[in-house]
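1. Build me a model from this:
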Amino acid sequence: MKLTAIEFEKRLKALQSDSELEKIQKFFKSGEGQYSEGDVFIAVRMGDVFNLAKEFIEMPLDEVEILLESAIHEMRVGAVSIMDFRARKKKITEAEYKALFDLYIRRHDRINNWDLVDRSAQYVVGGYLYNKSRDILYQLAESDNMWERRTAIVSTSFFLRKKEVGDTFKIAEILLHDTEDLIHKATGGWIREAGKQAPVILREFLNRYAATMPRTTLRYAIEHFDKSEKALYMGMAKAQ
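-> Just a heads-up that it's a prediction; the model follows:
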């Protein structure tokens, strides 16, 4: 099998399903901030895209970049899935890992939807940075590009797996008053997950910011609290 973008596209289109299109249209709301202008969905089940990506896991990165350049959304899902699967390999070399990270950062213009970020940032970015300086995440958190800002918080998933919560809360603080709903959701969701390991830190964070943070962020953050504690924090936010 040729590990090329052309072959991947051929195989991908063979998996197209008209019955899947309606589901995709419901899943991806149209409108600004939901998916990038010019995206084309050809209606392939995500599970099928992931399985295909596994078959192409050794695709050369210049061919992966061609997938990223495609207007077809499922092609770009395939690209980041290949990157993710390769980053998870136990025997990946430092040079290989760096190449994946560099491609992700260099072509972030094509990793331009929440699902593309969420599918790959944890291992391709967070995993690579685990034993390195994480300054770039703070730079991304200050970016004008909302998807780069989302990468900043989503990448900390890897650190949470290692029971390190500090960067998640610090980046959440930077993103706390973001204007984008998809950043509100990510920020709230990630501090909620960090709070599972550090409930005291989460409550300290909420005590400090609940009155001013976006209500969406707050709702996501307290999703697993009991009713009385939810009421307490939502009450703090009523003045908004």
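
2. rest of the way, CA atoms for contacts and neighbours
-> Will do.

3. So for the chain, the centremost residue is which one?
-> residue 118 (2.2 Å; C-alpha atoms, centre = their mean).

4. Export the helix or strand of the chain with the lowest mean pLDDT to PDB, keeping only CA atoms.
-> Ranking every helix and strand in the chain by mean pLDDT, DSSP states H and E puts helix 18-27 at the bottom, with a mean of 74. The C-alpha trace of helix 18-27 is given here as PDB (Å, rounded to 0.1, in the frame of the first residue of the first chain):
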ATOM      1  CA  ASP A  18     -24.900   9.500   2.800                       C
ATOM      2  CA  SER A  19     -26.600   8.400   6.000                       C
ATOM      3  CA  GLU A  20     -23.800   9.900   8.000                       C
ATOM      4  CA  LEU A  21     -24.100  13.400   6.500                       C
ATOM      5  CA  GLU A  22     -27.200  14.400   8.500                       C
ATOM      6  CA  LYS A  23     -25.500  13.400  11.700                       C
ATOM      7  CA  ILE A  24     -22.500  15.400  10.800                       C
ATOM      8  CA  GLN A  25     -24.600  18.500  10.000                       C
ATOM      9  CA  LYS A  26     -26.200  18.300  13.400                       C
ATOM     10  CA  PHE A  27     -22.900  17.700  15.200                       C
END
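
5. So which bits of that helix are buried?
-> 21, 24 (16 or more other C-alpha atoms under 10 Å).

6. what's the neighbour count on residue 60?
-> Burial measure for residue 60: 12 neighbouring residues, criterion other C-alpha atoms under 10 Å.

7. residues touching it, list them.
-> 3-4 (C-alpha atoms under 8 Å, 6 or more residues apart in numbering).

8. how close does it get to residue 224?
-> Separation of residue 60 from residue 224 (C-alpha to C-alpha, to the nearest Å): 43 Å.

9. Surely residue 187 is in contact with residue 174?
-> No. Counting by C-alpha atoms under 8 Å, residue 187 does not reach residue 174; the two are 9.7 Å apart.

10. neighbouring contacts of the lengthiest helix in the chain?
-> Criterion DSSP state H: the longest helix present in the chain is helix 181-197. Helix 181-197 has contacts (C-alpha under 8 Å, 6+ apart) with 33, 114, 146, 149-150, 153-154, 157, 160, 163, 165, 168-169, 172, 175-176, 178, 201-202, 214, 216-223.
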